[in-house]
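J.: here's my sequence, what's the structure:
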Amino acid sequence: MTFARGLSAFPITPMNTNGRVDTPALRRLVAPLAAAKVDSIGLLGSTGSYPFLSRDERRRATEAAIAEVNGRVPVLVGIGALRTDETIELARDAKAAGAAAGLLAPVSYTPLTEDEVFEHFRTVAETSKLPIVIYDNFATTHFKFAPDLVGRIARIPGVVAVKGTSSEASFAADHLKQMRAAVPSGFSVGYAGDWNSMETLLAGGDAWYCVAAGLFPKSCLAITRAAQAGNADEARRLNGAMQPLWDLFKQFSSLRVMYAAAEQMGLTDAKPPRPVLPLTDTAQEKVAKVLKELKLS
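T.: Down below sits the predicted model:
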């Protein structure tokens with residue numbers, strides 16, 4: 001289950017104003033990730049704007065990305081949707097296209113109870129037969145996974161990992177300890193939240209689900225490998241060098257920054273899906289300055 005270990009790179013999903021995915025541009029984005037040998041690619045995550053896409057467009061994006069990767073790197077695919085039956089169909093589409101696992105966030109309009117989320121995961125995993133990663137992203141779903149609920153869901157056959165959100169650096173080890181106590185032995189516990197994720201790796205986390213790696217895989221791999229080797233000083237030095245980018249993420253959101261950076265790098269001229277607006281000219285100048293200064297790769 002290598003897809004739940006190491007660095008998982010999350011690219012944007014370029015699309016037009018009608019939500020039609022630009023598959024050639026998507027292939028240009030995922031090709032360097034596979035070439036850099038990231039441990040997995042997280043397609044149609046929050047950075048990949050999955051809620052803005054129809055089922056057909058999500059299928060097109062999945063098939064294009066997996067064809068481009070051509071077995072070199074496992075691909076995890078976002079399958080979250082409002083309805084359980086729709087989620088099952090998305091999971092089946094991902095499985096048919098060759099996805100290694102589905103990233104399942106409890107998307108909702110009506111706030112969900114813990115029992116409802118548990119049943120949602122159980123039904124999707126049992127019916128689709130696609131390995132499932134618990135996708136915990138309170139900032140977008142507004143559902144908070146307590147460790148005990150993660151532990152319950154982790155014991156559902158077919159649920160293989162959790163993608164959590166990194167705590168502040170000083171709480172990373174404690175949060176990981178709580179999660180380890182809740183889940184079965186060997187269950188993968190990984191984290192997103194780029195500016196804090198390095199500390200979760202140093203604390204023993206299994207994976208970094210990384211937005212920045214969607215454009216800068218080599219820089220993020222260097223941090224990951226240093227942390228995996230237990231070289232804390234080097235991991236912190238490399239992570240510190242990325243601070244200007246982390247500051248942009250916190251100021252403008254990683255989604256908007258990644259779209260601006262991808263355009264400035266000549267990979268796509270796609271804009272974020274409306275109603276999300278592109279960065280202002282002044283903010284884009286800040287992004288360009290950081291890219292030039294950091295010389296990311």
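
J.: dump the residue contacts of the residue nearest to residue 114 when sequence neighbours are not counted.
T.: Nearest non-adjacent residue to residue 114, counting by Cβ to Cβ, 6 or more residues apart in numbering: residue 149, 5.0 Å away. Where you see a C-beta, it was placed from the backbone N, CA and C, and this is true even at glycine. By Cβ atoms under 8 Å, 6 or more residues apart in numbering, the contact set of residue 149 is 114, 117, 118.

J.: the residues you listed in helices, which ones?
T.: Counting by DSSP state H, the part of the contacts of residue 149 found in helices is 114, 117, 118.

J.: ok, of those, which one's closest to residue 226?
T.: The nearest member of these to residue 226, counting by Cβ to Cβ, is residue 117 at 35.5 Å.

J.: now that closest one: how far from residue 22?
T.: 33 Å (Cβ to Cβ, to the nearest Å).

J.: re earlier: so which of the contacts of residue 149 is the most crowded?
T.: Per-residue neighbour counts (other Cβ atoms under 10 Å) across the contacts of residue 149 peak at residue 117, which has 21 neighbours.

J.: tally up the residues packed near residue 211, please.
T.: Close neighbours of residue 211, defined as other Cβ under 10 Å, add up to 28.

J.: correct me if wrong: it contacts residue 261.
T.: No - using Cβ atoms under 8 Å, residue 211 is not in contact with residue 261; the gap is 10.6 Å.

J.: buried ones in the host helix or strand of residue 24?
T.: Using DSSP states H and E, residue 24 maps to helix 23-36. Buried residues in helix 23-36, counted by 16 or more other Cβ atoms under 10 Å: 23, 25, 26, 28, 29, 30, 32, 33, 34, 36.

J.: need the residues that contact that helix.
T.: Applying Cβ under 8 Å, 6+ apart, the contact partners of helix 23-36 are 9, 11-14, 41, 43, 60-61, 64-65, 67-70, 72-73, 213-215, 217-218, 221, 262, 267-268, 270.

J.: following that helix, which helix or strand comes up?
T.: Once the chain leaves helix 23-36, the next helix or strand it forms, by DSSP H and E, is strand 40-43.

J.: what sits up against that next one?
T.: 2-4, 6-11, 13, 30, 33-34, 48, 61-62, 65, 69, 73-78, 99-100, 103, 207, 209.
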